[in-house]
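Undergrad: this is a predicted model, with the sequence first.
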Amino acid sequence: MTDAAHTAMWERLDLDLAAHDALLAVLGKFYGDIYLSQQGRLKGAEYLDFVLSEVHGLRIREIQEAKAAGQKVVGTFCVFVPEELTLAAGAVQVGLCAGAKAGTDKAEQLVPRNTCDLIKSFIGFKLARLCPYTESCDLVVGETTCDGKKKAYEAFGEHVPLHVMEVPQCKAPCDVALLRSEFVRYKQALETLTGNVITAASLAAATKRVNAKRRALQRLAKLRAADPAPISGRDALLVNQISFYDDPDRFTAKVNELCDEMEARIATGEGVAPKGTPRILLAGCPMAVPNWKLPYLVESSGAVIVGEESCIGERNTRDLTDEAPADLEGMLDALAARYMRIDCACFTPNTERLEHIAALARDLGADGVIHYGLLFCQPYAHEALKVDKAMEAAGLPFLAIETDYGMEDAGQLKTRVEAFVETLA
Ligand code: BJ8
């Protein structure tokens, strides 16, 4: 696809072309500095480079072709939206969480300034007409997780076709029933949108596809237990970020190829950093593309990241949906059961998250845990205090960092990270 064809497509999507060109230029430079400068990358990382280079190009073209063929596009901001149902309705699902500052001034006219950057970013990308994914959506699904998001959707709903899904805040049987009923309501919304009825057969097939994607990501996550680490934290994070918008079947195949290469590398004792390099588990808020600031700071401070306890990581891939039920009602039960196991900080109590972090750190051979909280995110700021205590009890060094998408604090953060890494060596 030529540059001119890309531009014509973005024009049809009503993007602000000048601002969009500037955004792509910054993204390209950022990617070059943070990703292409890495040593010892896997050959399969070419897939990551290609997808990123075409993130607003070929993938958007594919989505436009799918729309021309009658498919609908659904945008999401949270891992509580069941991709199984979206795919079963014959729609395309894309993650819209944005990981960069864009259109902040405009966003701050809709939400308070002391709102986290993730929320301001998705609103800013829309209002500044910078995101071809958002502009391709026939439906956007919001969810009542944190207060920041649920209030933001009230304002955001004036700008996009929006369906808000209620997500419970506790995990009693009545909460499971609530989530299940919300999945039924989402199923109905999808059927109205697409004109396709979700059947036991279509849902079973979709569940297999989504589970296959999760299995590939689980396989990759487990291989990171090797020392030396066979893949950098930056590349592993990018794999998880790409999982939200690439074609699911192509993505699964590519991740499995990457895992084959990692296994071969492990067999020969190769890695991206020498054996014995301090190993870090990142925990906390999701890092949406292109939020690579902290991983870059950690991995340029003499450490390697071996896992992400986050929704763009382990929290999203840990649990499969049970494929055993043969009827639609049983499948909906299985979906509700699977999604209720997500340990988002929006739940109270949420003690299983503390256990998960300690177990993950142990399984991956992490030497320390860094908790990433996005500035103004209340749920994860509260839990950072609990994670601190839990890590102390588990004998794991711990550092809590709160930051936003800006680069102003990069120097100060690097100093703190370097000091932490030194204590692990
Ligand atoms: S399931 S983590 S994707 S809600 S950073 S917007 S919590 S103030 S992103 Fe999340 Fe779903 Fe939970 Fe996962 Fe609010 Fe915090 Fe901002 Fe956040």
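TA: Now that the structure is in, tell me what you want to look at.

Undergrad: so how many other residues sit close to residue 7?
TA: 14 (other CB atoms under 10 Å). Heads up, the C-betas are built off the backbone N, CA and C, glycines and all.

Undergrad: now that it has come up, it's in contact with residue 17, right?
TA: Yes: shown here, residue 7 and residue 17 form a contact pair, counting by CB atoms under 8 Å, at 6.7 Å.

Undergrad: quick one: contacts for the most centrally placed residue in the chain?
TA: Geometric centre of the chain, nearest residue: residue 312, 3.0 Å, by CA atoms, centre = their mean. By CB atoms under 8 Å, 6 or more residues apart in numbering, residue 312 lies in contact with 237, 240, 241, 244, 286, 287, 288.

Undergrad: just the closest of those residues to the ligand, please.
TA: residue 286 (5.2 Å; CB to the nearest ligand atom).

Undergrad: can you tell me the helix or strand for the closest one?
TA: Using DSSP states H and E, residue 286 maps to neither a helix nor a strand.

Undergrad: can you read off the pLDDT for it?
TA: On pLDDT, residue 286 comes in at 98.

Undergrad: and residue 97, by the same measure?
TA: 78.

Undergrad: these two touch, right, it and residue 75?
TA: No: Residue 97 is beyond contact range of residue 75, at 9.6 Å (criterion: CB under 8 Å).

Undergrad: what is the burial count for residue 173?
TA: Residues near residue 173, counting by other CB under 10 Å, number 8.

Undergrad: show me what from this structure comes close to the ligand.
TA: Taking CB under 6 Å from any ligand atom, the part of the chain that reaches the ligand is made up of 78-80, 116, 118-119, 145-146, 148-149, 285-286, 311, 342, 344, 346, 374, 377, 379-380.

Undergrad: give me that answer again for 8 Å
TA: 77-80, 97, 115-119, 143, 145-149, 167, 285-286, 310-311, 315-316, 342, 344-346, 373-374, 376-380 (CB under 8 Å from any ligand atom).

Undergrad: restricted to helices, list those residues.
TA: Members of the residues of the chain next to the ligand lying in helices (criterion: DSSP state H): 117, 118, 119, 147, 148, 149, 315, 316, 378, 379, 380.

Undergrad: redo those as CSV? Include pLDDT and neighbour count.
TA: Putting these into CSV (pLDDT from 0 to 100; neighbours: other CB atoms under 10 Å) gives the following:
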residue, pLDDT, neighbour count
117, 98, 25
118, 98, 26
119, 98, 26
147, 97, 12
148, 97, 21
149, 97, 23
315, 98, 20
316, 97, 20
378, 98, 14
379, 98, 20
380, 98, 24
